[in-house]
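S.K.: Attaching a predicted model along with its sequence, questions to come.
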Amino acid sequence: MLQLHDTATGEVAPLRLREPGRVSLYVCGPTVDGVPHLGHGRFSLVFDVLRRYLLFSGLEVTYVSNITDIEDKIIDRAAAQGVPIAEFTAANEALWWEIMDALGVLRPDETPHATAYVDRMIALIDDLVVRGVAYETATGVYLSVLDVPGYGLLARQPLDTLRAGARIEADEEKRSPLDFVLWKKAKPGEPSWDAPWGAGRPGWHTECVVMSLDLLGEGFELHGGGQDLMFPHHENERAQAVADGKEFARHWMHNGWVTVGGEKMSKSLGNFTSLADLLARSDARAYRLLVLRSHYRSPIEVTPDTIAQAEAGLSRLDELARRFALPDLLAQGPPTGPGAAPGPVDADAVAAFTAAMDDDLDTPGALATVFDLARRANAAADTGDSEVADRAAGTAALLAAALGLRLHGDAGDQVDDVTAGLARERDAAREARDWVRADALRDQLEAAGWLVEDSAEGTRIRRR
RNA sequence: GGCGGCGUGGCCGAGUGGUUUAGGCAGGGGCCUGCAAAGCCCCGUACGGCGGUUCGAUUCCGCCCGCCGCCUCCA
């Protein structure tokens, strides 16, 4: 059974399921206020891998990830561009899904939008006011965090030290500087919804609480996101659920940063790389492999060099797929167990893979079993032991697929007639032992961007 | 200031109280090849510093140094 580090306890513990065989995940999705960046890609890939592994483990998985489509920056940027908010967010969301598809991230089962949940958010806020844990001021409605048992759980820090660092708000009416806004009263010209406290919009922390409980129910298994969401976002979500008497997420999972030159990449630092830029200059699968190569809680450094290393690893696996004509196991959807393999599997390798993944999603260890299988498959094939070789190669394909890594065999490259003709000419030259001409043809093909290899079937070429 | 994380061989990156190694990339040697490429085999005596615990620590404890993060919008 999968064990995961739980942010709330700081310990690695088994996921506690509400009912056997089923698991529900809620992952905080993007605010569609601009282009998706590397950090978005990392959390999407990390939780995609988690989801795929749960599926591979034979569990029925419900995966919910929201789209925040109303928020201060959205309002500002849409206005700056002179575009209606709905148009602005729709365009950014379309780009988001386009890039998620390119990364091979499975679409969530549900993608609730904040704007579709305003009524239910108002109902929650109203309930919190009635319960006496939320109060109205001139600017909005706030949650009184000192009235919430266990506040500070996810911040992993005592309340008084949190308070020491809290920003002094302009709103002097707040009872505690840590209190956060549930409802923002609208200023003239801002988009708004009617509510008992006047026209306004919900605070950011309210949407996820309402949407997760609505779609997954109380006590859903896991809530996740990037580490920067631990506090205050997730802390505040939990606070609302607790204040409302609800059982919230059983387990909290947070992934580490993408760093640039050792520093956190973030919107505020302006040092971010968009995923579109990354995908334009590298194999989309390389980022998945790069993410898998380190533990999800460690920072990852994304540089041209680390991307190139990932691409080199990818070509090794692609070479395996080519040599063994491995099928695309992801074509039929995510594998739900070893039965998805093309043939008999290496049970020891699957066990090693599973042990690694069960241990707080040790993807580097899991990946090591895949590469080890690749080496063993090649070695066995070199000595003519096709049974062992096929089993190892097929198992490697299975495990790569379980991680969402699609391997490319020969099928991927479109060879045009001229290129194919050059390859045939080279075969003829080699047949005639005209090495000078054969090498010249190889140079010509390579100059055109092809890798040229000799094989028993003649010149084999593929895209570099 | 409070809280937390990290520091592993040329690079990336796991892991472990001691016996045989993670894995990948790059590099060196070899096999294979007309030459290559791909693939395989072998190799490089890694654990920030100082103490402590221990028969023995990279792995546990303490201190120090360095880097990073959170405490404020942010995946």
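M.R.: Yep, that arrived. Residues are numbered from 1 along each chain as shown, chains lettered A, B, ... in the order given.
S.K.: what helices or strands is whichever strand or helix holds residue A:370 leaning on?
M.R.: Assigned by DSSP states H and E, residue A:370 belongs to helix A:363-382. In terms of contacts (3 or more C-beta pairs under 8 Å, 6 or more residues apart in numbering; DSSP states H and E), helix A:363-382 is packed against helix A:284-292, helix A:304-323, helix A:347-358, helix A:386-402. (Each C-beta comes from the backbone N, C-alpha and C, glycine too.)
S.K.: could those helices go into JSON lines alongside distance to residue A:218, mean pLDDT and mean neighbour count?
M.R.: Rendered in JSON lines, the data for the helices and strands packed on helix A:363-382 read as follows (distance: least, C-beta to C-beta, whole Å; pLDDT from 0 to 100; neighbours: other C-beta atoms under 10 Å):
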{"stretch": "helix A:284-292", "distance to residue A:218": "32", "mean pLDDT": "94", "mean neighbour count": "24"}
{"stretch": "helix A:304-323", "distance to residue A:218": "40", "mean pLDDT": "92", "mean neighbour count": "18"}
{"stretch": "helix A:347-358", "distance to residue A:218": "27", "mean pLDDT": "93", "mean neighbour count": "18"}
{"stretch": "helix A:386-402", "distance to residue A:218": "31", "mean pLDDT": "96", "mean neighbour count": "24"}
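S.K.: RNA strand B is nearest to which of the ones you listed?
M.R.: The closest approach between RNA strand B and any of these, judged by C-beta to the nearest atom of the strand, belongs to helix A:304-323 at 3.4 Å.
S.K.: wait, does the closest one contact RNA strand B?
M.R.: Yes - using C-beta under 7 Å from any atom of the strand, helix A:304-323 reaches RNA strand B at A:305-306, A:308-309, A:312-313, A:316, A:319, A:323.
S.K.: who does that helix touch, helix- and strand-wise?
M.R.: For helix A:304-323, the packing partners by 3+ C-beta pairs under 8 Å, 6+ apart come out as helix A:284-292, helix A:363-382, helix A:386-402.
S.K.: Tabulate these (TSV), appending distance to residue A:273.
M.R.: Rendered in TSV, the data for the helices and strands packed on helix A:304-323 read as follows (distance: least, C-beta to C-beta, whole Å):
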stretch	distance to residue A:273
helix A:284-292	11
helix A:363-382	22
helix A:386-402	26
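S.K.: Adding distance to RNA strand B, write those out as a markdown table.
M.R.: A markdown table is the format used below for the helices and strands packed on helix A:304-323 (distance: least, C-beta to the nearest atom of the strand, whole Å):
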| stretch | distance to RNA strand B |
| --- | --- |
| helix A:284-292 | 7 |
| helix A:363-382 | 3 |
| helix A:386-402 | 10 |
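S.K.: Just tell me which of these ends up closest to residue A:337.
M.R.: Distances from residue A:337 to each of those were compared by C-beta to C-beta, and the smallest falls on helix A:386-402, at 8.9 Å.
S.K.: Skipping its backbone neighbours, what lies nearest the closest residue to RNA strand B within the stretch 101-250 of chain A in space?
M.R.: Taking C-beta to the nearest atom of the strand, RNA strand B has its nearest neighbour within the stretch 101-250 of chain A at residue A:226, 2.0 Å off. In this structure, residue A:226 finds its nearest non-sequential neighbour in residue A:43, 4.9 Å apart by C-beta to C-beta, 6 or more residues apart in numbering.
S.K.: Ok, which of the helices and strands packed on helix A:363-382 comes nearest residue A:15?
M.R.: With distances scored as C-beta to C-beta, the stretch of these nearest to residue A:15 is helix A:347-358 (10.3 Å).
S.K.: Now do the closest one and helix A:363-382, the angle between them.
M.R.: With axes from the mean of the first three to the mean of the last three C-alpha atoms, to 10 degrees defining the directions, helix A:347-358 sits at 160 degrees from helix A:363-382.
S.K.: Between helix A:386-402 and helix A:347-358, find me the angle.
M.R.: What separates the directions of helix A:347-358 and helix A:386-402 is an angle of 20 degrees, with the same axes, to 10 degrees.
S.K.: how far does helix A:347-358 sit from the chain's center?
M.R.: Going by C-alpha atoms, centre = their mean, to the nearest Å, the spacing between the C-alpha centre of helix A:347-358 and its chain's C-alpha centre is 22 Å.
S.K.: Could you name the helices and strands sitting against it?
M.R.: With contacts defined as 3+ C-beta pairs under 8 Å, 6+ apart, the packing partners of helix A:347-358 are helix A:363-382, helix A:386-402.
S.K.: next one: the last one to chain centre, how far?
M.R.: Averaging C-alpha coordinates over helix A:386-402 and over its chain gives two centres that are 25 Å apart (C-alpha atoms, centre = their mean).
S.K.: Run through the residues that contact the spatially closest residue to residue A:381 that is not a sequence neighbour.
M.R.: Leaving out its chain neighbours, the residue that sits closest to residue A:381 by C-beta to C-beta, 6+ apart is residue A:389, at 3.9 Å. By C-beta atoms under 8 Å, 6 or more residues apart in numbering, residue A:389 lies in contact with A:324, A:376-378, A:380-381.
S.K.: Show me which residues of stretch A:449-458 are buried.
M.R.: Along stretch A:449-458, these residues count as buried under the neighbour rule (16 or more other C-beta atoms under 10 Å): A:450, A:452.
S.K.: So residue A:407, which state does it fall into?
M.R.: Using DSSP: H, G, I helix; E, B strand; the rest coil, the secondary structure recorded for residue A:407 is coil.
S.K.: quick one on the thing from earlier: who touches the helix holding residue A:370?
M.R.: Around helix A:363-382, the neighbours that count as contacts under C-beta under 8 Å, 6+ apart are A:49, A:289, A:291-296, A:313, A:316-317, A:320, A:323-324, A:346, A:349, A:352-353, A:356-357, A:359, A:386, A:388-390, A:392-393, A:395-396, A:399-400, A:403.
S.K.: Could I get the phi/psi values of residue A:2?
M.R.: Comment: the main-chain dihedrals of residue A:2 come out as phi -60, psi 130, following degrees, to the nearest 10.
S.K.: Domain-wise, how is chain A divided?
M.R.: As assigned by automatic domain parsing, chain A contains the domains A:3-255, A:281-410, A:413-463.
S.K.: mind checking which of those is nearest residue A:275?
M.R.: Comparing the domains of chain A by C-beta to C-beta, domain A:3-255 comes nearest, at 4.8 Å.
S.K.: coming back round to it: for the contacts of residue A:389, work out which two are farthest apart.
M.R.: A:324 and A:376 (12.1 Å).
S.K.: and the two? which has more neighbours close in?
M.R.: Set side by side, residue A:324 and residue A:376 show more neighbours around residue A:324, with 23 against 19, by other C-beta atoms under 10 Å.
S.K.: Spit out the contact partners of that one.
M.R.: With C-beta under 8 Å, 6+ apart as the criterion, the residues that contact residue A:324 are A:377, A:381, A:389-390, A:393-394, A:397.
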